[in-house]
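Novice: What follows is a predicted structure for the sequence shown.
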Amino acid sequence: MATGETKSGGLWRSGSRGRQSIRHTSTIADSAVRCRKKFLRFFPGGFADETYIDWERDYKWAAHERWMAALGPVDFRRRLRDGEFSEIAAQAVSIESRTNLLFSFEKMALRDAVKSAAGAQAFAEGLYEFLHGRGGDERRFEQWCEVVAALPRKQTRVLTWPIVTVFGFIAQPDRHVFLKPNVTRIAAREYGAEFEYASRPNWATYESLLAFAGRVMRDQRDLRPRDMIDAQSFIWVQGSDEYEE
């Protein structure tokens, strides 16, 4: 170890920054500290760790960049005005399809839901209102759930938490977070966080999820999380069997 360095929670820090990290972790719950240690066992460099960026962050951020290039607020509004509903829906589905966020059956249900002209229009208009419309967060989220619930369905249901939350997460990772129910419930229990879950998408559960993600970002702030991608990835590490120890 170099002179003046200290190791705290798996991260090498120098001088006063190391002491500050020790003080910080002593102020959060023991369960949250245990979760932090687990995260750092897999990714010793925290949210800047090269393996973390490769495994968890890069593909999500790449999806966000593709979204902004094709469906940023100005282009999204213009394309709606021009009636490009099918093109918007196809673009959104295509961007998500290059991630592993949805299960294959959810991807199929989504493609089926926007295949018709009516389904594509409802999806495109509803998604724009959710992301960029007027009104409060609760109203916009509940209306988006209603839109998704009303989309055409062939076999698999479309109204799932992953489908409802994936596009906000990709489009606006500074504001929205993605929900995998089973993983998130396990992670909340391990973290010692309250998570008010109901299987049918609703604002109370989503608000509770945002609070959980916000707490993670505050508790782990010295690891410098950038956005909800980092918060969601931290939660995923706690609850996913991909990271069993």
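Specialist: All right, it came through fine.

Novice: tell me the contacts of Leu131?
Specialist: With contacts taken as CB atoms under 8 Å, 6 or more residues apart in numbering, Leu131 has the following neighbours: Pro73, Phe76, Phe167, Gly168, Ala171, Gln172. In this view, the C-beta of every residue, glycine as well, is placed from N, C-alpha and C.

Novice: Off-centre distance for the strand or helix carrying the third one?
Specialist: When elements are defined using DSSP states H and E, Phe167 is found to belong to helix 161-171. Relative to the mean C-alpha coordinate of its chain, helix 161-171 is positioned 7 Å out (CA atoms, centre = their mean, to the nearest Å).

Novice: Any chance you could list what contacts it?
Specialist: 60, 63-64, 67-68, 71, 92, 95-96, 99, 101-103, 106, 109-110, 127, 130-131, 144-145, 148, 175-181, 199, 201, 205-206, 228-229, 232.

Novice: Sitting in helices, which of these do you find?
Specialist: 60, 63-64, 67-68, 71, 92, 95-96, 106, 109-110, 127, 130-131, 144-145, 148, 181, 205-206, 228-229, 232 (DSSP state H).

Novice: from memory Val148 sits against Phe130, does it?
Specialist: No: with contacts counted by CB atoms under 8 Å, Val148 stays clear of Phe130, the gap being 9.5 Å.

Novice: how close does the residue nearest to Tyr52 when sequence neighbours are not counted get to Trp236?
Specialist: Excluding the flanking residues, the one nearest Tyr52 by CB to CB, 6 or more residues apart in numbering is Phe43, at 3.9 Å. Phe43 sits 12 Å away from Trp236, going by CB to CB, to the nearest Å.

Novice: Which one's more surrounded, those two?
Specialist: Phe43 (24 against 18; other CB atoms under 10 Å).

Novice: ok, now how distant is the more buried one from Tyr243?
Specialist: 10 Å.

Novice: Now stretch 54-72: buried residues?
Specialist: For stretch 54-72, the buried set under the neighbour-count rule, 16 or more other CB atoms under 10 Å, comprises Trp55, Glu56, Arg57, Lys60, Ala63, His64, Arg66, Trp67, Ala70, Leu71.

Novice: I should have written stretch 123-130 there, sorry.
Specialist: In stretch 123-130, counting by 16+ other CB under 10 Å, buried: Phe123, Ala124, Gly126, Leu127, Tyr128, Glu129, Phe130.

Novice: Then stretch 96-105?
Specialist: Buried-residue list, stretch 96-105, by 16+ other CB under 10 Å: Glu96, Thr99, Leu101, Leu102.

Novice: Which one of these is nearest to Gly192?
Specialist: Leu101 (26.0 Å; CB to CB).

Novice: remind me which residues of this structure are low pLDDT?
Specialist: 1-27 (pLDDT under 70).

Novice: now with 80?
Specialist: 1-28, 155-156, 245 (pLDDT under 80).

Novice: what's the neighbour count on Glu244?
Specialist: 5.

Novice: Tell me the spacing between it and Val183.
Specialist: For Glu244, the distance to Val183 - CB to CB - is 12 Å.

Novice: still on that earlier bit, joint contacts of Phe43 and Tyr243?
Specialist: Counting by CB under 8 Å, 6+ apart, the residues touching both Phe43 and Tyr243 are Val237.

Novice: Convert the C-alpha atoms of stretch 49-65 to CSV, please.
Specialist: What follows is stretch 49-65, C-alpha atoms only, in CSV (Å, rounded to 0.1, in the frame of the first residue of the first chain):
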residue,chain,number,x,y,z
ASP,A,49,-14.8,-0.2,-12.1
GLU,A,50,-14.0,-1.3,-15.6
THR,A,51,-15.7,-4.7,-15.2
TYR,A,52,-18.8,-3.0,-13.8
ILE,A,53,-18.9,-0.6,-16.7
ASP,A,54,-18.5,-3.5,-19.1
TRP,A,55,-21.0,-5.9,-17.5
GLU,A,56,-23.7,-3.5,-16.1
ARG,A,57,-23.5,0.1,-17.3
ASP,A,58,-22.2,0.4,-20.9
TYR,A,59,-25.1,-1.4,-22.7
LYS,A,60,-27.7,0.6,-20.7
TRP,A,61,-26.0,3.9,-21.5
ALA,A,62,-25.6,2.9,-25.2
ALA,A,63,-29.4,2.3,-25.3
HIS,A,64,-29.9,5.8,-23.8
GLU,A,65,-27.6,7.3,-26.4
